[in-house]
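Undergrad: Dropping a prediction and its sequence here:
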Amino acid sequence: MSGPPTPEPALDRQEDPASGIQHSHRMLSFSDALLSIIATVMILPVTHTELSPEQFDKSIQKLLATRIAVYLMTFLIVTVAWAAHTRLFQVVGRIDDTLALLNLACMMTITFLPFTFSLMVTFPEAPLGIFLFCVCVIAIGAVQALIVLYAFRFPHLLSPALACSAHRALCRRHVLGVVLRGPALCFAAAGCSLFFYPASYLLMAMVVFLPYVSKAAGWCRSRLVGPPEPPTEVVDFFTFDLQEPLSKERVEAFSDGVYAIVATLLILDICEDNVPDPKDVQEEFQGSLVAALRASGPRFLAYFGSFATVGLLWFAHHSLFLHVRKATQAMGLLNTLSLAFVGGLPLAYQQTSAFARQPRDELERVRVSCAIIFFASIFQFAIWTTALLRQRETLRPAVWFGGQEHAFMFAKLALYPCASLLAFAATCFLSRVSTAIFHLTQIAVPFAFLLLRLLVRAGLAALSALRALRRPDHGSADEARAPLLPAHC
């Protein structure tokens, strides 16, 4: 007879295929990728807006007043859903098949948001688009609430600190309150859409800014009446709060997804609009494919310039987060605003690629593109500036004030805001050559990035040389006076 079976090594409860418990890493990566795609593709209805050449000024004002505003609001609402998902899976440490399927249901609901957004953009005053968008947000919150209830029913799925806590019921109520806060506002917005639609947009905007308004109100209250009294119940579990720092890794994953999708949307526009029709090649270009492609030269130039802009903004973001230890709430908001304008870069590409077709409108189109690039980059710079205010907590020592990489990081993050602002200002004085200025900026900035470290070192060396020149002057004057002192004595 064979002896008793040799016991297998004990599996970590964090991943036990026999019981269906799994790591959540792959599911979270899938969710981050899908959410970044959904947030980014909502720019498509805006980029494909037909602008009238005869009334470009009125068209662009309407575009900026309605479609871009609605895009920014809905982009931010999607990022709120992503942030809630991130917070939720800080509490839920492990998943099983049921949680994985519930998460898929949540993602399926999120994928319907671009359709409802398209209805809102096309019919901004119609209540149906607003109502359907709010219903989607409510459904997302309902599924996330189901995830919370299911996870708390099986404590082994929770994070280790929370699974052993005696206050799980209190934490569950707190988590449900945070998850359902946005859907509750959208429920009110859906009701208002049937009677007074402007109030619906205001309530949806509050979904984005309510956590920051609450934090500001709490700060003001503590200043006026003093800090709040500590709670009577001692809560020994980890705090699930919107003021806690986000996971740096998930912030990077979501941001990388947005940059990747934006770069992909650019080439999709090239494939859709710049592959010549065989009939047109035969009739207009006498069968010459080279001549047909040459006619699209300005659009290819706009594509390469736009891709370089997306790539270098990602490079600046990557360099910044290499030095970030943790992302605070303010840094997360600024990163979201930067990504919202990065998502608008396909619109900038559409504007600059239209130079050849509608040269009369190039000045306005250049200014729109410069404004999008400026805001996408200035919010990156603001992330770093905000991090410097708490540098010991948020940044690595190399980029602290006076650190060895501080000047280089400053120059890298300031390059695009300065370049886009200078290009915008130059068009005010040299409007006839606005296109040439814009293309020159797009060509010059990548070379500036290549030479940036050399230029920063040269600038620092020049400053050191100027300081060194001043010191010998004072020293020589003192030495000239020194021999005279004994003579006078």
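TA: Cool, the structure landed.
Undergrad: now Arg181: how far from Arg390?
TA: According to C-beta to C-beta, to the nearest Å, Arg181 and Arg390 sit 26 Å apart. Backbone N, C-alpha and C define where each C-beta goes, glycine included.
Undergrad: Give the full set of residues in contact with the residue most central in space within the chain.
TA: Centrality entry for the chain: nearest residue to the mean C-alpha point is Leu339, 2.6 Å, by C-alpha atoms, centre = their mean. Neighbouring residues of Leu339 by C-beta atoms under 8 Å, 6 or more residues apart in numbering: 39, 75, 79, 254-255, 258.
Undergrad: And those residues, which is closest to Leu322?
TA: Ser255 (12.9 Å; C-beta to C-beta).
Undergrad: Can you tell me the SS state at that closest one?
TA: helix (DSSP: H, G, I helix; E, B strand; the rest coil).
Undergrad: Tell me if I'm right that it and Asn335 touch.
TA: Yes. Between Ser255 and Asn335 there is a contact at 6.6 Å, judged by C-beta atoms under 8 Å.
Undergrad: Comparing these two, which shows the higher neighbour count?
TA: It is Asn335, of Ser255 and Asn335, that has more neighbours when counted by other C-beta atoms under 10 Å, with 27 against 21.
Undergrad: May I have the secondary structure class of that one?
TA: helix.
Undergrad: so what's it closest to, chain neighbours aside?
TA: Of all residues not flanking Asn335 in the chain, Ile383 sits nearest, at 5.8 Å (C-beta to C-beta, 6 or more residues apart in numbering).
Undergrad: Enumerate every residue touching the one you found.
TA: Counted by C-beta under 8 Å, 6+ apart, Ile383 has contacts 320, 331, 334-335, 338.
Undergrad: Go again with 7 Å.
TA: Listed by C-beta atoms under 7 Å, 6 or more residues apart in numbering, the contact partners of Ile383 are 320, 331, 334-335.
Undergrad: Could you do Leu466 as well?
TA: So Leu466 contacts nothing (C-beta under 7 Å, 6+ apart).
Undergrad: Can you say which helix or strand has it in it?
TA: helix 434-481 (DSSP states H and E).
Undergrad: distance between that helix and the chain's centre?
TA: For helix 434-481, the separation from the chain centroid amounts to 32 Å (computed by C-alpha atoms, centre = their mean, to the nearest Å).
Undergrad: now swap in stretch 88-103 and tell me
TA: Centroid separation for stretch 88-103 versus its chain: 25 Å, with C-alpha atoms, centre = their mean.
Undergrad: And for stretch 334-354?
TA: In terms of C-alpha atoms, centre = their mean, the centre of stretch 334-354 is found 11 Å from the chain centre.
Undergrad: pLDDT averaged over it - what is it?
TA: Stretch 334-354 shows a mean pLDDT of 82.
Undergrad: Could you give the number of residues near Thr206?
TA: In this structure residue 206 is Met, not Thr. 16.
Undergrad: can you check Ser214 too?
TA: For Ser214, using other C-beta under 10 Å, the count is 13.
Undergrad: And for the one 10 residues further on?
TA: A total of 7 residues lie near Leu224 under the criterion other C-beta under 10 Å.
Undergrad: Arg299 too?
TA: The local packing of Arg299 (other C-beta under 10 Å) involves 20 other residues.
Undergrad: what's the spacing between it and Thr441?
TA: 18 Å.
Undergrad: same thing with Trp219?
TA: 41 Å.
Undergrad: Which one of the two is surrounded by more residues?
TA: Thr441 (23 against 10).
Undergrad: Name all residues that make contact with that one.
TA: Per C-beta under 7 Å, 6+ apart, neighbours of Thr441: 419, 423.
Undergrad: Go again with 10 Å.
TA: Contact partners of Thr441, counting by C-beta atoms under 10 Å, 6 or more residues apart in numbering, are 305, 309, 366, 369-370, 373, 416, 419-420, 422-424, 426, 448.
Undergrad: More neighbours: Arg181 and Arg390, which one.
TA: Arg181 (19 against 13).
Undergrad: does that one really touch Phe209, like I thought?
TA: No. With contacts counted by C-beta atoms under 10 Å, Arg181 stays clear of Phe209, the gap being 12.0 Å.
Undergrad: Now do the shared contacts for the two.
TA: By C-beta under 10 Å, 6+ apart, the residues touching both Arg181 and Phe209 are Val80.
Undergrad: got the residue ranges for the helices in the stretch 301-450 of the chain?
TA: 329-342, 345-352, 362-389, 391-394, 406-429, 434-481 (DSSP state H, counting those that start in this stretch).
Undergrad: and the ones you listed, which one is worst for confidence?
TA: helix 434-481 - the lowest mean pLDDT of these, at a mean of 72.
Undergrad: so how many other residues sit close to Gly343?
TA: Here the number of neighbours of Gly343 (other C-beta under 10 Å) works out to 26.
Undergrad: What backbone torsions are found at it?
TA: phi -60, psi -20 (degrees, to the nearest 10).
Undergrad: Now do the contacts for it.
TA: Gly343 neighbours (C-beta under 10 Å, 6+ apart): 36, 39-43, 46, 71-72, 75, 258-259, 261-262, 265, 372, 376.
Undergrad: Buried among the residues you listed? Make that a ChimeraX selection.
TA: To isolate the buried members of those in ChimeraX, using 16 or more other C-beta atoms under 10 Å:
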select :36,39,40,41,42,43,46,71,72,75,258,259,261,262,265,372,376
